[in-house]
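Asker: only geometry, no sequence info:
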């Protein structure tokens, strides 16, 4: 358990703009920063970082929070993991309330336990290289023979698993780590009741998250037996998802931002050798086909990718799909082929940093030129194959979301193949139409939560139409609900009732919710501000006199709410109000950071959402047009009172509606009860009228 004073120190020290800069490419925008969302694929940056408020908000996904919640959302850390990561980044000592026992470690979440086990494994394998005779003779010797310096070996946490049956497993169990998590992490295997080390006799490449946490391992055998797999990798776990991980990104992200380009290679040693040569903006897909998740990771830092291929790479054509995926994300892609017999690993070791950089820069080809060179070799002089090649390239161009880029590439394609732009534009239009039809077809048969859909089996146009089975869905089941007629809705409802399909109902927030939200908004934005308000005092002669007093907005709202014994319907809003009230009673006026950095994530989310939506008037526009538009803070005396009494009015309206519903459900025989309810309704109506007078509104 991390003490509150340590948590407070972490929040006070950690800067949201500094931390998030490790995970994305940010650009200054006034007093804030903007970036492309790490949660969704987008063309225009909608991710906002506010250094002043120490919050972030993604307007595309609706997510938002503080520096801790970002690590939880983006890196899938638990709350304690995120705090410890920040403490480590800012050299803050975490003094936990008590030392955790192995039993307590076991009781933590699966993700946290896997992270702890992986960290132990990384350190164990790394120590083998320097402290164990077998490790030094075999593991360390291998890395040194491959040309890796000791500082690079240490930087990448490289290691070695001893060629023993279960040396690592025994060491982990002796330290109190549970066999269940060793097996789940893929470090230990069990067979016939016996355990053995999965990576025994292999050199180890730890795989890090963007934040530097060890997610899994790659293990390379040093034996020449072809029956033994060259590489073993960690299995998929709650912590390790290889389709969303790029090897080396933890070390490369700063350089990718600095040079605004990312070099993509295939293997672990390619990355390490490039780093050793001084080229650090390089990552690897670790032998897997490039995925959407990996592309989105790179896009956080740069829109430019250069793929580095081996000179004799057999899978170059297979890479075309990956290139098309990159293009569809609106990114710029180039390709570099190394000389025959060379790969990024060997070339980096045999050349200086300047030579490596110069070769990449001079050899980089646009994807059209690259694709044309490769495919033209196969097409030769065959016009049919050449036409297919052009169609293939035009199809790739159609995936680019930016129409201006499409036009530029069409012009380039026209020059390469000596074919008119108009013909290529016609083919481009066909490709885009086919793509649109495919997307519409896919959307039609998908099953989003807010729509009822079913798949209707197609019948041959030559076969006799068959009667639909009794529970076959009607055609209306394929159409979004909002587009159905009343008759179609009735037909669909009858079908749903018969086959018992549950249609999710949208959550409707009533007028009272928005009024309560407005009260919390005023408290968050202006709680400590001083406003003037009227109060009634009795003088020495017993006469009531009006007097203007100055109080904080927090005190004003608490006074008005307590006077009428008002509570919030929304539990999160009530919790926030209770904290304001308690703080006021303790002479502590909570600032906005108290809520944006709150341990209750529901409270933190509400606070961030409110503060992120605050609009500020541009002083440049004000000066340019000489328009003086009073802001809310300029009229805070009136604004605070309006919010309070608008909410009270809505509260009374809600109470009246409840009474009316009660009376409508009662029998006319219960005349006395109805009279009581009518009296209550009259009282609430009078209060509503008083609120309206206070607000200067007319009730009809």
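Answerer: Received the coordinates, thanks. As the structure is a computational prediction, the values presented were derived from the model and not from experiment. Numbering: from 1, shown residues only.
Asker: In contact with residue 62, which residues?
Answerer: Residues near residue 62 by C-beta atoms under 8 Å, 6 or more residues apart in numbering: none. Yep, even glycine has a C-beta here, placed from its N, CA and C like the rest.
Asker: how near is it to residue 593?
Answerer: Relative to residue 593, residue 62 is positioned 22 Å away (C-beta to C-beta, to the nearest Å).
Asker: and if you look at residue 415?
Answerer: Distance from residue 415 to residue 593, counting by C-beta to C-beta: 58 Å.
Asker: the more surrounded of these two?
Answerer: Neighbour totals were compared for residue 415 and residue 593, and residue 593 leads with 16 against 11 (other C-beta atoms under 10 Å).
Asker: after the helix or strand harbouring the more buried one, next one along is what?
Answerer: Per DSSP states H and E: residue 593 is located in helix 592-596. Per DSSP H and E, the first helix or strand lying C-terminal to helix 592-596 is helix 601-612.
Asker: and that following helix, how far from the chain's centre?
Answerer: 16 Å (C-alpha atoms, centre = their mean, to the nearest Å).
Asker: mind listing what's buried in it?
Answerer: Judged by neighbour count using 16 or more other C-beta atoms under 10 Å, the buried positions of helix 601-612 are 603, 604, 605, 606, 607, 608, 609, 610, 611, 612.
Asker: do the same with stretch 155-162
Answerer: In stretch 155-162, counting by 16+ other C-beta under 10 Å, buried: 156, 157, 158, 159, 160, 161, 162.
Asker: ok, of these, which one's closest to residue 138?
Answerer: Proximity of the buried residues of stretch 155-162 to residue 138 (C-beta to C-beta) peaks at residue 160, which lies at 6.7 Å.
Asker: Spatially, which residue comes closest to that closest one, not counting chain neighbours?
Answerer: Ranked by C-beta to C-beta, 6 or more residues apart in numbering and with sequence neighbours excluded, the top spatial neighbour of residue 160 is residue 139, at 2.6 Å.
Asker: do residue 608 as well
Answerer: Nearest non-adjacent residue to residue 608 (C-beta to C-beta, 6+ apart): residue 64, at 4.0 Å.
Asker: Make sure the one you found is actually in contact with residue 50.
Answerer: No: taking contacts as C-beta atoms under 8 Å, residue 64 lies outside contact range of residue 50: 10.2 Å.
Asker: The two - which one has more neighbours?
Answerer: Each of residue 64 and residue 50 has its neighbours counted (other C-beta under 10 Å); residue 64 has more, 26 against 19.
Asker: on that earlier part again, kindly state the beta-bridge partners for the residue nearest to residue 608.
Answerer: Following DSSP bridges, residue 64 is listed with bridge partners residue 57.
Asker: measure it to residue 72 for me?
Answerer: Counting by C-beta to C-beta, the gap from residue 64 to residue 72 is 12 Å.
Asker: Quick check: the spatially closest residue to residue 365 that is not a sequence neighbour vs residue 324, distance?
Answerer: Leaving aside its chain neighbours, residue 365 sits nearest to residue 335 (5.3 Å; criterion: C-beta to C-beta, 6+ apart). For residue 335, the distance to residue 324 (C-beta to C-beta) stands at 13 Å.
Asker: For the residue nearest to residue 160, give me its contacts.
Answerer: Going by C-beta under 8 Å, 6+ apart, residue 139 touches 128, 129, 159, 160, 203.
Asker: can you check residue 264 too?
Answerer: Residue 264 makes contact with 282, 283, 284, 285, 290, 298, 305, 306, 307, 308 under the criterion C-beta under 8 Å, 6+ apart.
Asker: Thank you kindly, that will do.
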